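Visitor: Sharing a model prediction with you, sequence too.
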Amino acid sequence: MQRNRVIGLAAAGAVVLALIAGTGITMLKKASARVESAQGLHDFLEAEQASLAGMRDKSGVFERKRKNSKGRSVHEAVTGVVDSLGLKDKLTSLQSPPGAASAQEERAEALLEGLTLNELVNLLYSLENSRMLILTRKANIRTSFENPELLNATLSVSLIKPQ
């Protein structure tokens, strides 16, 4: 009898121990899943923080360019870029469409004739990377009627001004 009682107590103890171990393992698995989820969220937030820092840098560049365009017109800005490239004789027309001026943006259409492809690429690069915030809204590029090796380009540009 005594022996059956000891075996019964040992079996009951083993069952209780197994239940405690099973509950502990389940709790550890859930905690591990929460830690993995938190680690994934942490990695996501770090990536978003890096992205935000990059956007701040870009917005800083745009703000500096906007401040540089204070007191200038789109005609002055485009003429300055064209003159710096030595393309003044190829700029045949620079006009503002009616109703194109606002407090923050001024638009113009520039017609350039007889450009080489290299000159056109240099012009677009210079407009984009100028000290002022000049945006090329639209570009219409055609081959020249007189010389098929040359290009005629109509550029719709905007100068963004500070508020």
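Guide: Sure thing, it's come through.
Visitor: OK, contacts around the residue nearest the centre of the chain?
Guide: Centre of the chain computed as the mean C-alpha position; nearest residue by CA atoms, centre = their mean is Met55, 6.6 Å away. Not one residue lies near Met55 by CB atoms under 8 Å, 6 or more residues apart in numbering. From N, CA and C alone the C-beta is placed, and that goes for glycine too.
Visitor: The host helix or strand of Ala53: how far from the chain's middle?
Guide: Element membership for Ala53, per DSSP states H and E: helix 2-68. Distance, stretch centre to chain centre, for helix 2-68: 32 Å (CA atoms, centre = their mean, to the nearest Å).
Visitor: Going forward, the N-terminal residue is numbered 790.
Guide: New numbering, starting at 790: the last item is helix 791-857.
Visitor: Please read off the pLDDT at Ala890 from the model.
Guide: Predicted confidence (pLDDT) for Ala890: 63.
Visitor: Likewise for the one 10 residues further on?
Guide: Turning to Leu900, the model gives it a pLDDT of 94.
Visitor: and the helix or strand hosting it, what other elements does it pack with?
Guide: For Leu900, the host element (DSSP H and E) is strand 894-904. Helices and strands touching strand 894-904, as assessed by 3 or more CB pairs under 8 Å, 6 or more residues apart in numbering; DSSP states H and E, comprise helix 863-873, strand 880-884, helix 906-917, strand 940-949.
Visitor: and with 10 Å instead?
Guide: Judged by 3 or more CB pairs under 10 Å, 6 or more residues apart in numbering; DSSP states H and E, strand 894-904 is in contact with helix 863-873, strand 880-884, helix 906-917, strand 923-932, strand 940-949.
Visitor: In it, which of the residues would be classed as buried?
Guide: Within strand 894-904, the residues scored as buried using 16 or more other CB atoms under 10 Å are 895-899, 901-904.
Visitor: Please apply the same query to stretch 869-877.
Guide: 870-871, 876.
Visitor: Disregarding flanking residues, what is the spatial nearest neighbour of Ser862?
Guide: Leaving aside its sequence neighbours, Ser862 sits nearest to Glu895 (CB to CB, 6 or more residues apart in numbering; 6.3 Å).
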